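1. please work out how this folds:
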Amino acid sequence: MALVKAKKNAAPAPAAETPVADPRAGLSDPDAAVRRQAAHRLAQDHGAVSRLADRLAIEAEPGVREAILTALVRIGTGEAVEALLPLLAREDAGLRNAVLESVQQMPGESVAPSVVPLLGHADSDLRIFAVQLVGKLRHPERPAWLAGVLESDPHVNVCLAAVEALGEIGDPAALPALERLLLRFPDDPMVGFSVDAARRRFRGG
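-> A predicted model of the protein is given here:
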């Protein structure tokens, strides 16, 4: 049997990654690969929530951000939700969107206690984010929470976000609140358009 000669210029096999001895300390390592590996290892460590969130707030490397968010989603506790929500106030739109998507993947029983109070926050942008999150919750009270937004929120954009979320849920019980919203904003064409679209969706047309 002929021997196959090794190629002289063949690249050496990549060295296996050395496990991080202390993953919590590894979150601050200057090497992004070490930080990413540390985040993966902390996905089962409920005591590492604050460390993960603190790193996420300053992390610029997309792969590390994704690993941290994945770890927090897997932890999935109310503490993990609480640690992520303040990041919705950041100017970084990419981070905000990633946080929204991550919280939406967490268990409803962990998310609701922290997110529902945000429906009354002074910042209308945060209320919109809260409406979007409530709309995705697997919770029997979400239509009632969103209907409450239609009844009382003073900002039309928050109400429009709630109309959209209710339209996606498709619960006809929200129709009375939608009709009352028309009375609250009688001169806003977007309200009329959105409510009409929701009506059609509820009625199957």
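2. so what pLDDT did the closest residue to Arg203 other than its chain neighbours get?
-> Nearest non-adjacent residue to Arg203, counting by CB to CB, 6 or more residues apart in numbering: Pro172, 7.7 Å away. To be clear about C-beta, it is placed using only N, CA and C from the backbone, and glycine gets the same treatment. At Pro172, the pLDDT value in this model is 84.
3. Arg200 is in contact with Pro172, correct?
-> No - using CB atoms under 8 Å, Pro172 is not in contact with Arg200; the gap is 11.8 Å.
4. who has more neighbours, the two?
-> Pro172 (15 against 11; other CB atoms under 10 Å).
5. any idea how far Gly148 is from the more buried one?
-> 17 Å (CB to CB, to the nearest Å).
6. what about the residue nearest to Leu52 when sequence neighbours are not counted, how many residues nearby?
-> Leaving aside its chain neighbours, Leu52 sits nearest to Ile68 (5.1 Å; criterion: CB to CB, 6+ apart). By the measure other CB under 10 Å, the count of residues near Ile68 is 30.
7. now Ile68, what's its secondary structure?
-> Here Ile68 is recorded as helix under DSSP: H, G, I helix; E, B strand; the rest coil.
8. that one reaches Ala39, doesn't it?
-> Yes - Ile68 lies in contact with Ala39 (CB under 8 Å); the separation is 4.6 Å.
9. pull up the overlap in contacts between those two.
-> Here Ile68 and Ala39 have 27, 52, 55 as joint contacts, going by CB atoms under 8 Å, 6 or more residues apart in numbering.
10. what's the burial count for the second one?
-> Residue crowding around Leu52 was assessed by other CB under 10 Å; the count is 27.
11. check which helix or strand it maps to.
-> Element membership of Leu52 [criterion: DSSP states H and E] is helix 49-58.
12. just for the protein, where's the confidence low?
-> 1-20, 204-205 (pLDDT under 70).
13. mind telling me what element the residue nearest the centre of it is part of?
-> Taking CA atoms, centre = their mean, the centroid of the chain lies closest to Leu100, which sits 1.9 Å from it. Leu100 is part of helix 93-104, with elements assigned from DSSP H and E.
14. now do that helix: which elements does it pack against?
-> helix 62-75, helix 78-84, helix 124-136 (3 or more CB pairs under 8 Å, 6 or more residues apart in numbering; DSSP states H and E).
15. tell me what the first one is packed against?
-> So the one you mean is helix 62-75. Using 3+ CB pairs under 8 Å, 6+ apart, helix 62-75 is in contact with helix 32-41, helix 49-58, helix 78-84, helix 93-104.
16. turn those into CSV, including distance to Asp196.
-> Shown next, in CSV, are those (distance: least, CB to CB, whole Å):
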stretch, distance to Asp196
helix 32-41, 46
helix 49-58, 41
helix 78-84, 35
helix 93-104, 27
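17. alright, calling it a day.
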